[in-house]
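>>> Generate a structure from the sequence data that follows.
(one chain, ligands or ions: 1)
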Amino acid sequence: MTERCTPDLCGQRARSASQGSITVERVALVLPRLPAEFNAMTVAVVSDIHAGSRNSGRASVAEVVERTNALGADLIVVLGDVVHSAANANSYLPVLSGLEANEGVYACLGNHEHGFVWYSRYLGASRAPSVDRWRALYAEAGIQLLVNEAKPLPRGRSRIWLLGVDDAYSGNDDLAAALAQARASEFCLALTHSPDLVDDPQVREVDLVLAGHTHGGQICFPLMGPLFAPCRQFRRRAAGLLRANGTTMYVTRGSGEALPVRINCPREISLVSLMCVQGPPLARDRERFRT
Ligand SMILES: [Fe+2]
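Have a look, this model is predicted:
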């Protein structure tokens with residue numbers, strides 16, 4: 001794997017504010033190709049709610065919606081595994097209709113939306129709605145689902161491209177198809193579920209990848225990090241910011257879990273600020289406080 005480290009492309013973990021059981025992680029990224037019109041654009045990242053699992057009922061999903069809206073982001077992205085069981089789609093997708101952002105709410109699919117859980121590689125996927133059914137459910141919730149496709153996001157006379165790449169863990173990703181719909185010379189922000197998308201050689205054409213799926217590993221130890229996470233190079237990719245294969249990626253720990261245990265790995269909603277110029281640090285690294 002090759003690494004590109006551009007001097008003016010830097011990440012600042014600006015502030016972490018723990019709100020009850022959910023931590024808000026604030027990250028500011030300087031991205032060289034970002035048009036000036038998009039400087040300081042904020043993106044709220046929600047992933048892995050796993051609605052319908054033991055600790056994620058309707059009230060928990062509503063709490064995620066409320067706390068995400070409270071961030072006042074310009075854009076909200078939902079990175080998959082919204083439901084724990086695909087059979088729960090009709091019950092929980094309507095709760096997400098409460099998400100509000102001036103420049104829209106976008107989503108990509110996760111492995112659980114495809115009925116693909118941890119043992120599916122051995123026993124096969126369970127029944128799940130078709131992609132067309134998911135499109136309809138997300139549309140009813142006011143969310144634009146992107147499945148291996150791209151959509152321009154305009155501001156003034158400029159624009160960036162949002163790429164929604166389907167889930168790599170279940171083998172449904174097609175980054176090339178999404179890139180084919182975008183203008184190669186323009187800024188591309190890819191939404192995807194598994195961080196393993198970063199192994200796709202074409203990912204170097206993407207300026208920033210936002211991913212989830214790992215839950216941060218859920219059980220983490222000081223100095224050692226996570227015991228396990230369902231991705232390649234999990235100690236490096238389980239959570240946070242990294243550069244790989246010519247792109248930058250931020251991996252959220254997500255705001256739910258499959259197994260009801262988290263140690264040194266709190267639930268997360270992320271607020272990513274896109275910057276085209278280097279500004280002063282927003283706050284001390286990983287400042288944490290209770291509300
Ligand atoms: Fe997942």
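>>> Wasn't residue 27 part of a strand?
Yes: judged by DSSP: H, G, I helix; E, B strand; the rest coil, residue 27 forms part of a strand.
>>> host element of whichever residue of the stretch 101-250 of the chain sits closest to the ion?
The stretch 101-250 of the chain approaches the ion most closely through residue 213 (3.9 Å), counting by C-beta to the ion. C-beta coordinates here come from the backbone N, C-alpha and C atoms, glycine included. For residue 213, there is no enclosing helix or strand under DSSP states H and E.
>>> which ones are touching it?
47-48, 79-81, 110-111, 167, 169, 193-195, 230-231, 251, 254 (C-beta atoms under 8 Å, 6 or more residues apart in numbering).
>>> ok, now how distant is it from residue 35?
29 Å (C-beta to C-beta, to the nearest Å).
>>> Which stretches in the stretch 1-150 of the chain count as strands?
11-19, 22-30, 41-46, 75-78, 105-107, 144-145, 149-155 (DSSP state E, counting those that start in this stretch).
>>> How far does the longest helix along the chain sit from its chain's centre?
Secondary structure assigned by DSSP state H gives helix 58-70 as the longest helix of the chain. Relative to the centre of its chain, helix 58-70 is centred 16 Å away, using C-alpha atoms, centre = their mean, to the nearest Å.
>>> One more: stretch 190-204?
12 Å.
>>> got the residues of the stretch 151-291 of the chain near the ion?
residue 213 (C-beta under 5 Å from the ion).
>>> re earlier: would you list the buried entries among the contacts of residue 213?
47-48, 79-81, 110-111, 167, 169, 193-195, 230-231, 251, 254 (16 or more other C-beta atoms under 10 Å).
>>> Specify which member of the residues you listed is nearest to residue 265.
Set against residue 265, the nearest of these by C-beta to C-beta is residue 254 (9.9 Å).
>>> Am I right that the closest one sits in a helix?
No: going by three-state DSSP, the assignment for residue 254 is coil, not a helix.
>>> now the residue lying closest to it once chain neighbours are set aside: how far from residue 273?
Nearest residue to residue 254, sequence neighbours excluded (C-beta to C-beta, 6 or more residues apart in numbering): residue 48, at 2.9 Å. Computed as C-beta to C-beta, the residue 48 to residue 273 distance reads 22 Å.
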